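Trainee: Just to be clear, the model below is a prediction. Sequence and coordinates:
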Amino acid sequence: MKCSRFSEAQILEILREHGAGASIADLCRKHGVSDACIYKWKAKFGGMEMTEAKQLKRLEDENTRLRRLLADAMLEYAALKDLLEKNGDCG
């Protein structure tokens, strides 16, 4: 299963199991993920509570949405600027 298919709650539970003594190899077999996923989750979510993980996810989603809006606005600006320059109406 892909790393991204797990919810924050599932990830935190897997990390709790590791913290309780389960080996990475056992967790990989049990949950069907690679060790790279677990190490990535440890780096990202290690020591977080559920509310913190949900807030992080919400902020990442908002960041992605805002980056897309900015990219769209920049493309529109560039297109309008090119149009004005071609029509000779600029400066």
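Mentor: Received it, and whenever you're ready, just let me know what you need.

Trainee: buried ones in the longest helix seen in the chain?
Mentor: Scanning the chain for the longest helix, with DSSP state H as the assignment, gives helix 50-87. Neighbour-count burial for helix 50-87 flags Ala53 (criterion: 16 or more other C-beta atoms under 10 Å). Using the backbone N, CA and C atoms, a C-beta is placed for each residue, glycine as well.

Trainee: Please state the mean pLDDT value computed over that helix.
Mentor: Across helix 50-87, pLDDT averages out at 95.

Trainee: Show the contacting residues for Asp35.
Mentor: Residues in contact with Asp35 (C-beta atoms under 8 Å, 6 or more residues apart in numbering) are 24-25, 28.

Trainee: other SSEs contacting the helix or strand hosting Leu15?
Mentor: Element membership for Leu15, per DSSP states H and E: helix 8-19. Secondary-structure packing of helix 8-19 (3 or more C-beta pairs under 8 Å, 6 or more residues apart in numbering; DSSP states H and E): helix 24-31, helix 35-45, helix 50-87.

Trainee: And the residue nearest the centre of this protein?
Mentor: Centroid-nearest residue in the chain: Glu60, 5.6 Å away (criterion: C-alpha atoms, centre = their mean).

Trainee: separation between that residue and Lys54?
Mentor: The spacing between Glu60 and Lys54, counted by C-beta to C-beta, to the nearest Å, is 11 Å.
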